[in-house]
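Trainee: here you go, sequence then predicted model.
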Amino acid sequence: NAGVMQNPRHLVRRRGQEARLRCSPMKGHSHVYWYRQLPEEGLKFMVYLQKENIIDESGMPKERFSAEFPKEGPSILRIQQVVRGDSAAYFCASSLRTWTGVVGTGELFFGEGSRLTVL
Amino acid sequence: TQLLEQSPQFLSIQEGENLTVYCNSSSVFSSLQWYRQEPGEGPVLLVTVVTGGEVKKLKRLTFQFGDARKDSSLHITAAQPGDTGLYLCAASQMDSNYQLIWGAGTKLIIKP
């Protein structure tokens, strides 16, 4: 089985441009999570989606950031009018289902990340 | 806001030594996971613990979940350079099954 696929791996944008990051979950996974990571720091939750639905976007800035997971195709994290502070690694993870307290249910599988640099 | 604190933040030791890293909180969690992240890569799940007092072994790595399910430790025996990486713990909230709380990680360097 292919793992979680993210692209692009590296993206350079100038201030004010748009960044689009794509994530294809593992085969059979319908739950997608986006995280942001700054150098030498842990992961910060941004948004949790299931097919065609945003379940929790509490970690995502209300302006300039949006996410979708359409019925067909990858999940997309979109950042409009990027600023230097948006520079970070953005990780996507997928899971088979939500965590139910039973090992082997809700564990996350991560992609290799997309590293955004804003000049 | 629940917080997961990992210690130490940074550890550099010689190959062959033993080490323990910790993940602590004042909150009770339904489960806790340990991940390892190598530079330029995404985190990779090592283990999930769900029962208070549970101990799991993965070759030279021993994971323990505290009796009260508030903390966890990771012990590595005879560390090897391949163990180098960022070790992250993540715990699921009792009232929110899908959202994980993440620690900031322990950066481990094993010198040959």
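Mentor: Ah, there it is.
Trainee: tell me the residue of chain A that sits nearest chain B?
Mentor: The nearest approach of chain A to chain B comes at A:F110, 3.3 Å away (C-beta to the nearest C-beta). Where you see a C-beta, it was placed from the backbone N, CA and C, and this is true even at glycine.
Trainee: how about the contacts made by that residue?
Mentor: By C-beta atoms under 8 Å, 6 or more residues apart in numbering or on different chains, the contact set of A:F110 is A:V4, A:F91, A:C92, A:A93, B:Y35, B:G42, B:P43, B:V44.
Trainee: show the contacting residues for the nearest residue to the fifth one once chain neighbours are set aside.
Mentor: By the measure of C-beta to C-beta, 6 or more residues apart in numbering or on different chains, the closest residue to B:Y35 outside its immediate chain neighbours is B:P43, 3.8 Å from it. Contacts here follow C-beta under 8 Å, 6+ apart; on that basis B:P43 touches A:L43, A:F91, A:L108, A:F110, B:Y35, B:R36, B:Q37, B:L88.
Trainee: ok so, going back, return the members of the contacts of A:F110 classed as buried.
Mentor: Neighbour counting with 16 or more other C-beta atoms under 10 Å in any protein chain shown marks A:V4, A:F91, A:C92, A:A93, B:Y35, B:G42, B:P43 as buried within the contacts of A:F110.
Trainee: quick one: which of the residues you listed sit in strands?
Mentor: Residues of the buried ones among the contacts of A:F110 located in strands (DSSP state E): A:F91, A:C92, A:A93, B:Y35.
Trainee: buried set for stretch A:85-97?
Mentor: For stretch A:85-97, a neighbour-count test (16+ other C-beta under 10 Å) marks A:D86, A:S87, A:A88, A:A89, A:Y90, A:F91, A:C92, A:A93, A:S94, A:S95, A:L96 as buried.
Trainee: which element, helix or strand, includes the residue sitting nearest the centre point of chain A?
Mentor: Chain A has A:W34 as the residue nearest its centroid, 2.8 Å off, counting by C-alpha atoms, centre = their mean. Using DSSP states H and E, A:W34 falls within strand A:31-37.
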